[in-house]
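Chemist: Sequence first, then the predicted structure:
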Amino acid sequence: MYYNAALVLEGGAMRGLYTSGVLDTFLEHDIQFDCVIGVSAGSLNGANFVSKQYQRTYNVNVKYRKDHDYISLARPFKHESIINLDFLFDDHGLDWHNFDNKAYLKSETDFIVVATSLESGKAVTLRNPQPGQDLIDALEASSSMPFISKPHNTSKGLCLDGGIANSIPFDIAQKMGFQKIVVVRTRPRDYRKKPTSFALKRLYSNSFKEYPEFVKTAIRRPEMYNHSVEVLNKLEHNDEIFCLAPNDPVKVGRLEHNTKKMTELYNIGRNDAESNLEAMLNYLQKSEPLYD
């Protein structure tokens, strides 16, 4: 069933296993949204959710995490990104979970990918990218983390990780006029980022000296993130937004290699979605479902 609501998905690289657990539970209960807005790993999760590919995110990341063609610290020595996002869309044989372009194209969900423009330092939206290279470029741009991935060219120019400019883009859903917004976070509600260190400021300044606006945004990211969280928590408290978030600190790293920990986080997401399902549906059903 589709709801006239927006689903907003935070990033966090391998912390996105929490999100995939939540989304697989939604698929099991046939819960769909009129709009899905994803940033970074949230955009990758979002694409699989829009194409209704149950457990694709989980299976790919857990089964292939230690495949050096996917993630390897040696890749930069070959002038390649540590994470090979092209790997997710290549065909690796009969047991591979290919992305379902036909199902994605058939979906009536409005899919929005958020990235950060290197030129302006601002968040840009890539709306309903078409299956194939257009979609791949959008997802790779949104998910490419500074220093470990290369910038990607998109219809909005060179971009990197959408989380730099807008880590939890619920404001985009608000600007689109949605009265019902569900946000899936990958950090606990009380998590706050520490100020950007002097060393990291220098690294940004040296690595992206051709893009001063991007540098400013990247350095201000903790401040912007913390403000966004404060606003989001107030909206949740006032029942204006429904949030799902881990209750305990997430011990899965961005490039986590321990697949047992990744599976545990996925199951936490599943359990949280199940235990909050009735409350979320009550929130959503205050407005009528869009259609079956």
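Modeler: Sure thing, it's come through.

Chemist: alpha carbons only for contacts and neighbour counts from here, please
Modeler: Will do.

Chemist: Strands along the stretch 101-250 of the chain, start to end?
Modeler: Taking DSSP state E, counting those that start in this stretch to define them, one finds strands in the stretch 101-250 of the chain at 110-117, 123-127, 152-154, 157-160, 181-184, 242-244.

Chemist: Show me the one of those that comes nearest residue 270.
Modeler: Within these, the stretch nearest residue 270 is strand 242-244; the backing value is 10.7 Å (Cα to Cα).

Chemist: Looks like residue 142 contacts residue 115 (just checking).
Modeler: Yes: contact criterion Cα atoms under 8 Å: residue 142 and residue 115 qualify, at 4.3 Å.

Chemist: okay, the strands of the stretch 101-250 of the chain, which one's buried deepest?
Modeler: Of all the strands of the stretch 101-250 of the chain, strand 110-117 has the most neighbours on average by mean count of other Cα atoms under 10 Å, namely a mean of 28.

Chemist: quick one, it and strand 123-127 angle?
Modeler: With axes from the mean of the first three to the mean of the last three Cα atoms, to 10 degrees defining the directions, strand 110-117 sits at 150 degrees from strand 123-127.

Chemist: quick one: strands adjacent to strand 110-117?
Modeler: Strand 110-117 pairs in its sheet with strand 32-39 (parallel), strand 123-127 (antiparallel), strand 157-160 (antiparallel), by DSSP bridges.

Chemist: Pull the residues that contact that strand.
Modeler: With Cα atoms under 8 Å, 6 or more residues apart in numbering as the contact definition, strand 110-117 has outside contacts at 34-40, 43, 46-47, 50, 122-129, 138-139, 141-143, 156-166, 169, 214.

Chemist: Repeat that for stretch 159-172.
Modeler: Contacting residues not belonging to stretch 159-172 are listed as 8-11, 37-40, 114-118, 121-124, 141-146, 150-153, 181, 183, 185, 217-218, 221, 224-225, 228 [Cα under 8 Å, 6+ apart].

Chemist: Can you select the buried ones from those in ChimeraX?
Modeler: Per 16 or more other Cα atoms under 10 Å, the buried members of the contacts of stretch 159-172 correspond to this ChimeraX selection:
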select :8,9,10,11,37,38,39,40,114,115,116,117,118,121,122,123,124,141,142,143,144,145,146,150,151,152,181,183,185,217,218,221,224,225,228
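
Chemist: Tell me how far residue 44 lies from residue 90.
Modeler: Per Cα to Cα, to the nearest Å, residue 44 is found 14 Å from residue 90.

Chemist: meant to ask about residue 64, not that
Modeler: Counting by Cα to Cα, the gap from residue 64 to residue 90 is 13 Å.

Chemist: In space, not sequence, find me the middle residue of this protein.
Modeler: In the chain, the C-alpha nearest the mean C-alpha coordinate belongs to residue 42, at 1.3 Å (Cα atoms, centre = their mean).

Chemist: Can you say which helix or strand has it in it?
Modeler: If you go by DSSP states H and E, residue 42 is part of helix 41-50.

Chemist: what's next to that helix, contact-wise?
Modeler: Residues external to helix 41-50 that are found in contact with it (Cα under 8 Å, 6+ apart): 9-14, 16, 19-20, 23-24, 27, 36-38, 54, 56-57, 99, 103-104, 107, 109, 111, 113-114, 139, 142-143.

Chemist: in the chain, which helix or strand is least confident?
Modeler: Among the helices and strands of the chain, strand 289-291 carries the lowest confidence by mean pLDDT, DSSP states H and E, at a mean of 49.

Chemist: Convert the C-alpha atoms of stretch 151-166 to CSV, please.
Modeler: Extracted in CSV, the C-alpha atoms of stretch 151-166 (Å, rounded to 0.1, in the frame of the first residue of the first chain):
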residue,chain,number,x,y,z
PRO,A,151,33.9,13.0,-7.1
HIS,A,152,31.3,12.0,-9.7
ASN,A,153,29.9,13.9,-12.5
THR,A,154,26.1,14.3,-12.5
SER,A,155,23.5,16.4,-14.2
LYS,A,156,24.2,19.0,-11.5
GLY,A,157,27.9,18.9,-12.0
LEU,A,158,30.7,17.3,-9.9
CYS,A,159,29.3,16.0,-6.6
LEU,A,160,30.3,14.1,-3.5
ASP,A,161,28.6,12.6,-0.4
GLY,A,162,25.2,14.2,0.1
GLY,A,163,25.7,14.0,3.8
ILE,A,164,28.2,16.8,3.7
ALA,A,165,25.6,19.4,2.9
ASN,A,166,22.4,17.7,4.2
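
Chemist: Having no further points to raise, I will conclude here.
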